[in-house]
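K.L.:
coordinates only, sequence not included:
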């Protein structure tokens, strides 16, 4: 090879190596990212980082194409399923009841919007394209996944010991969540990784004793962290995956007699832990559609309930609402990530009887029913077709040794995602595994096909254009992140609220919060100062002060109205508007009438929520509209028969 050819080969290799390191960073950093000064401490920061890494990787991919004068992309068995899935997401976004939410995801959840899906698909193809033929890079990727999972699990164990029990509002020592933010999310993440050290520890005959000890320690660490989450779905999924793993190993080692021993062990455990098993099965039975109805389940449970409602019983109610949405909007649903709005149109009245009746549900707590409600039967079928195609890929015979070694643990990890998604919903880290576990398997195959097409674009011009676009997109991600910082700080700082809107004027939540803060400033600061003006103050001073007050009042009304106009289905925006109007009603009674209309609008969008009718009953009674107040309280009691506060108010009228 000539010196010129060597130089070219080195130049071509650099972007590919850079992409490898980007993926190492993606898998290592994402699970650990959190920032206490954003509105959502965990998921928001992880999603922003995934956006940034997808942009950087895509840009490096483009630069590499220019350097080697051909664009390369892997052809995979998942091309058609991914195309159909993406198409269903795009159509659902276009016809969505709120395109902004469908594009970016529900604010506070963030993951799940069309943009995030596009990022995951870009990462899928980038990984397959640039890791194919690099077994060492794939091994490094697996090592990176295990390393960051170890850090995450170790911190969870420290949480159990009380390392940060005074930092969080939640009882983190009782149910750990580490750097993931929620016990169910942590367990789902660790279960997906657990099969890797399990399989390596069993199959690694030629590994050194130290390496086997390390893998054994990882298994113990991951299992301990999963148990400390006390996640029903997580622990249940772990048991299932462990059983499948044991059966798989027994079959692979061709020792069927061990299956008899396993069966005896399971029967013994069922006998010794009969009460625990019966309790678990009883809880799971509450999501059985053939077992009574949701209202009967909740009513019966309330007779003996101590503490909160059973999570499975609550899921049964929410799932019922998701199914109703699927029936009402069967083709493409109400729009990607719009469940937080549309669920309340069909929310079962039984939800009022649960301990979480006042909680806002923006997910169906079942990824499949969530897909049905948001994207209809077309979207759900495309999603299931993608899952089926991935499973088919895993079950195919893999000729290479490296491929065989990865196939089983990645399959078990993927199966764990399917299980935990049935009782919950996908988050950033789990979504990365959902898309990239299959990508790792395909990349490890020697038969992976790369499609290439020559490009004659000027290298200098092309790199300049790619760099400009990438920098512009990265600055956009940074602007979104800084805007959220300002929005969070704006809860107690008017200037920060204004800055948030300046940075991201398309987010209606920012306008709603600004309007509410302006109303509070008007009532709690400016109005008292006007009242305290000395009698000797000039008429001009009083006029200026009143003008200042009216400006704040006007701005508050304008901003809350603008927020609602940007998303007329968001109950949180309407509730903020009502609070703002009630605040302003202390200086001008006409705003109380406006608040009445806003509350009536809320009852239209959420006709089965007893709290809404209770609130409007309170307002009617304050306005001395006794008949209307009685009707509202009666409706609240009809929806929630055990609503003691509504009964007390009704009896006092």
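P.N.:
Cool, got the structure. As the structure is a prediction and not an experimental result, all values here were calculated from the model.
K.L.:
out of the helices and strands in this structure, which is least certain?
P.N.:
Ranked by mean pLDDT, DSSP states H and E, the weakest helix or strand in the chain is helix 274-285, scoring a mean of 55.
K.L.:
okay, now the unreliable bits of the stretch 351-500 of the chain?
P.N.:
Applying pLDDT under 70 to the stretch 351-500 of the chain flags the ranges 397-404.
K.L.:
all strands of it, in order?
P.N.:
449-454 (DSSP state E, counting those that start in this stretch).
K.L.:
how about the stretch 1-150 of the chain?
P.N.:
Secondary structure of the stretch 1-150 of the chain, counting by DSSP E, counting those that start in this stretch: strands at 70-75.
K.L.:
where are the low-confidence patches of it?
P.N.:
Scanning the stretch 1-150 of the chain with the threshold set as pLDDT under 70 gives 1-15.
K.L.:
on the three-state scheme, residue 540 is what?
P.N.:
helix (DSSP: H, G, I helix; E, B strand; the rest coil).
K.L.:
residue 178 reaches residue 153, doesn't it?
P.N.:
Yes: at 7.2 Å, residue 178 and residue 153 qualify as touching, with contact defined as C-beta atoms under 8 Å. No exception for glycine: its C-beta is placed from N, CA and C like everyone else's.
K.L.:
more neighbours, these two?
P.N.:
The neighbour count for residue 178 versus residue 153, taken as other C-beta atoms under 10 Å, is higher for residue 178 (29 against 26).
K.L.:
would you list the phi and psi of that one?
P.N.:
phi 50, psi -130 (degrees, to the nearest 10).
K.L.:
just give the nearest non-adjacent residue to it, would you?
P.N.:
Distance criterion C-beta to C-beta, 6 or more residues apart in numbering; nearest residue to residue 178, sequence neighbours excluded, is residue 156 at 4.0 Å.
K.L.:
just how off-centre is stretch 348-365 within its chain?
P.N.:
On the basis of C-alpha atoms, centre = their mean, to the nearest Å, stretch 348-365 sits 18 Å off its chain's mean C-alpha point.
K.L.:
straight-line length of that stretch, end to end?
P.N.:
Across stretch 348-365, the terminal residues are separated by 15 Å (C-alpha to C-alpha, to the nearest Å).
K.L.:
ok so, going back, and for residue 178 and residue 153, which residues touch both?
P.N.:
Residues touching both residue 178 and residue 153 by C-beta atoms under 8 Å, 6 or more residues apart in numbering: residue 225.
K.L.:
and residue 505, how many neighbours?
P.N.:
For residue 505, the number of neighbouring residues by other C-beta under 10 Å comes to 11.
K.L.:
shouldn't it be within a helix?
P.N.:
No: assessed with three-state DSSP, residue 505 is coil; it does not lie in a helix.
K.L.:
got the phi/psi numbers for it?
P.N.:
According to degrees, to the nearest 10, residue 505 has phi -70, psi 0.
K.L.:
so who does it touch?
P.N.:
By C-beta under 8 Å, 6+ apart, the contact set of residue 505 is empty.
K.L.:
so it versus residue 559, what's the distance?
P.N.:
12 Å (C-beta to C-beta, to the nearest Å).
K.L.:
and what of residue 503?
P.N.:
Residue 503 is 16 Å from residue 559, by C-beta to C-beta.
K.L.:
more neighbours, those two?
P.N.:
residue 559 (25 against 19).
K.L.:
what's the burial count for the nearest residue to residue 614 once chain neighbours are set aside?
P.N.:
Excluding the flanking residues, the one nearest residue 614 by C-beta to C-beta, 6+ apart is residue 636, at 4.4 Å. Look at residue 636: counted by other C-beta under 10 Å, it has 25 neighbours.
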